[in-house]
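Colleague: take this sequence and fold it.
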Amino acid sequence: MHQKPTLYLESTIPSYLTARPSRDLIVAAHQQITHEWWVDAKGRFELHVSEGVLEEISAGDPDAAQRRLAIVEDLPVLRLSDEVLALALLSTRAASDYPAALSWMRSTLGMLSFTG
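Modeller: As a prediction, this is how the structure comes out:
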């Protein structure tokens, strides 16, 4: 049996899925693409969220937060371990200073090996 690839959602997906339709054409297009992607993704991927995403989508307007949380309520939750936090930091630093981020990751975790 073929195992689905794992995909970790970030907060934009539930936000676009539950937001009121935007009048901004680009945002409206993002919302539409996200809705179409969501229908397909649920069958193609093993979807997960992190504690950090749950915290982020819980913020703001209570009604909107409730709708965002409902979208992900049945998904497995990734705990925020030191390794997960380090990878999140790497992803945010990588675009601007990848070598420094990689060096920080290696010194912090002491177990990463990257090639490329």
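
Colleague: tell me the pLDDT at the closest residue to H35 other than its chain neighbours?
Modeller: Distance criterion CB to CB, 6 or more residues apart in numbering; nearest residue to H35, sequence neighbours excluded, is L17 at 6.5 Å. Bear in mind the C-beta positions are built from the backbone N, C-alpha and C, glycine included. Here, the pLDDT recorded for L17 equals 95.

Colleague: so L17: helix, strand or coil?
Modeller: helix (DSSP: H, G, I helix; E, B strand; the rest coil).

Colleague: neighbours of it, how many?
Modeller: 17 (other CB atoms under 10 Å).

Colleague: domain map for the chain?
Modeller: 1-79, 81-116 (automatic domain parsing).

Colleague: winner for burial among those domains?
Modeller: Counting by mean count of other CB atoms under 10 Å, domain 1-79 has the highest mean neighbour count of those, with a mean of 14.

Colleague: hang on, F45 packs against Y8?
Modeller: No. At 9.5 Å, F45 does not count as touching Y8 under the criterion of CB atoms under 8 Å.

Colleague: ok so L75 is a strand residue?
Modeller: No. L75 is assigned coil when assessed by three-state DSSP, not a strand.

Colleague: and it, what does it touch?
Modeller: 9, 47-49 (CB atoms under 8 Å, 6 or more residues apart in numbering).

Colleague: one more: D61?
Modeller: Per CB under 8 Å, 6+ apart, neighbours of D61: none.

Colleague: phi, psi of it?
Modeller: Torsion angles at D61 (phi, psi; degrees, to the nearest 10) stand at phi -50, psi 130.

Colleague: and if you look at P21?
Modeller: Taking degrees, to the nearest 10 as the convention, P21 sits at phi -60, psi 130.

Colleague: could you do the one 5 residues further on as well?
Modeller: Dihedral angles of I26 (phi, psi; degrees, to the nearest 10) stand at phi -70, psi -40.

Colleague: report pLDDT for it.
Modeller: Reported pLDDT for I26: 93.

Colleague: now A100
Modeller: 59.

Colleague: ok, which stretches of the chain are helices?
Modeller: Remark: helices assigned in the chain by DSSP state H are 12-18, 25-44, 51-58, 62-72, 82-109.
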